[in-house]
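> the following block contains a protein sequence and its predicted model.
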Amino acid sequence: QVQLVESGGGLVQAGGSLRLSCAASGGTFSRSTMGWFRQAPGKEREFVAAIRWNSANLDYADSVKGRFAISRDNAKNMVYLQMNSLKPEDTAVYSCAAGQYVAAFRWGYDSWGQGTQVTVSS
């Protein structure tokens with residue numbers, strides 16, 4: 001399995017931007033689909049974005065399309081989530097995930113980071 005550590009969360013005003021990073025070690029990062037998920041208090045974890053191993057295919061939740069961008073650097077074992085035009089409803093703990101056998105970008109992840117808090121004030 002891949003070990004994952006997120007960073008880059010924090011407090012930002014509505015309309016602002018943050019860039020989350022996820023550092024991977026071990027396992028087979030370069031062959032893994034990487035995803036970002038988030039969980040707000042009292043809510044279920046939800047899919048945010050994902051990227052295939054070769055960056056050829058991406059997917060986003062409808063709620064973040066046009067505002068968030070996922071990218072990866074296989075040489076550095078890193079995946080990123082650039083978040084622009086942030087809204088209070090984006091407040092959540094954001095976690096990255098890795099998996100080699102991921103279906104529809106949403107199911108089949110087998111490695112998870114501990115998450116980083118993003119808080120958007122109105």
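Alright, I've got the coordinates.

> CA atoms for contacts and neighbours, from now on please.
Noted.

> low-confidence stretches in the protein?
Residues of the chain meeting the criterion pLDDT under 70: none.

> quick one: the strands in it, in order.
Ranges of strands within the chain are 3-7, 10-13, 18-25, 33-39, 46-51, 58-60, 68-73, 78-83, 92-99, 111-112, 116-121, based on DSSP state E.

> centre of the chain to stretch 112-122, how far?
A distance of 10 Å separates the centroid of the chain from that of stretch 112-122, by CA atoms, centre = their mean, to the nearest Å.

> ok, and for that stretch, which residues are buried?
Within stretch 112-122, the residues that count as buried by 16 or more other CA atoms under 10 Å are 112, 113, 115, 116, 117, 118, 119, 120, 121.

> distance of the first one relative to residue 122?
It refers to residue 112. The gap separating residue 112 from residue 122 is 30 Å, by CA to CA, to the nearest Å.

> just the third one next, same as before
The span separating residue 115 from residue 122 equals 23 Å under the rule CA to CA.

> which residues does the closest residue to residue 13 other than its chain neighbours contact?
Take residue 13 and drop its neighbours on the chain: the residue closest to it by CA to CA, 6 or more residues apart in numbering is residue 121, 4.8 Å away. Residue 121 makes contacts with 11, 12, 13, 14, 87, 88, as judged by CA atoms under 8 Å, 6 or more residues apart in numbering.
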